[in-house]
Structures are given as C-alpha cells and as structure tokens.
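# what's the 3D shape of this:
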Amino acid sequence: ASMASSLVVFTVFFGPLPPWLPLTLLSMARNRRVSFIVISDAKPPSTLPSNVFFETITWDHMQSKLSELVTPGNASSVKYFEHYKANDIKPLAPAL
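Numbering: from 1, shown residues only. Below you'll find the predicted structure:
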C-alpha cells in the first residue's frame, strides 16, 4: 500500500496494544483520505487497513534516535521514563 493522502496522522503508542485497537483501526479505515502512522514497540496486527502503517521501534532506540536529532553526537540526551511521554516526539516523528 502507498501513502497517497495529503493528510498524515502520527500516533505514538508504546507498550502492549490496547484491547480497543480493532475499533480504532476500523475508524481509521473509514477515513480513507487520511494516512495513519503508528509508531510503536508492539508488533502490528496481522491485518491492517490500507491507510494504516506501523513503524516499529524499541523504546530505547526511539530515545537514541531523538537524541541524535536534537543534539547530534549525543545519543543519550533524550530520556523518557514514562511511555505516555512518547507523545512529545510527534513534531519529530517524520524524521524518525
């Protein structure tokens, strides 16, 4: 599948996928003019709508990549201790 839409929504989710994910995926599927990118450490479901893409990255690797983006040469400048803080990365998500 290719991303042909002009609107892309990034969602960041670390930890086990929630039980309501199938309902969320159905909602995403019905918004065909939007591409959704889920950045997560979880394995994506085996079946995804054509406009939903999972980018899998470990928690530690995500922090390391962000560190390099914001402070080149310092791979340990970004340290998050709570998964909900991962939403802070959304402005830099395309560069990941």
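# Identify the residues contacting the least confident helix or strand in the chain by mean pLDDT?
Here the helix or strand of the chain ranked lowest by mean pLDDT, DSSP states H and E is helix 59-70, holding a mean of 83. Helix 59-70 is contacted by residues 14, 39, 41, 57, 74-80, 83, 86, 89, 92, 95-96 when judged by C-beta atoms under 8 Å, 6 or more residues apart in numbering. C-beta coordinates here come from the backbone N, C-alpha and C atoms, glycine included.
# cutoff 10 Å now
Where contact means C-beta atoms under 10 Å, 6 or more residues apart in numbering, the residues beyond helix 59-70 that reach it are 12, 14-15, 39-41, 55, 57-58, 73-80, 83, 86, 88-89, 92-93, 95-96.
# now swap in stretch 75-87 and tell me
10-15, 39-41, 59, 62-71, 88-89, 92-93.
# send the alpha carbons of it over as CSV?
What follows is stretch 75-87, C-alpha atoms only, in CSV (Å, rounded to 0.1, in the frame of the first residue of the first chain):
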residue,chain,number,x,y,z
ALA,A,75,22.9,9.7,21.7
SER,A,76,21.7,9.9,25.3
SER,A,77,20.3,13.4,25.7
VAL,A,78,16.6,12.3,25.4
LYS,A,79,15.5,10.2,28.4
TYR,A,80,11.8,9.3,29.0
PHE,A,81,10.8,7.3,31.9
GLU,A,82,7.1,7.0,31.2
HIS,A,83,5.5,5.7,28.0
TYR,A,84,2.9,8.5,27.8
LYS,A,85,5.7,11.0,27.3
ALA,A,86,6.4,9.5,23.9
ASN,A,87,3.7,11.7,22.5
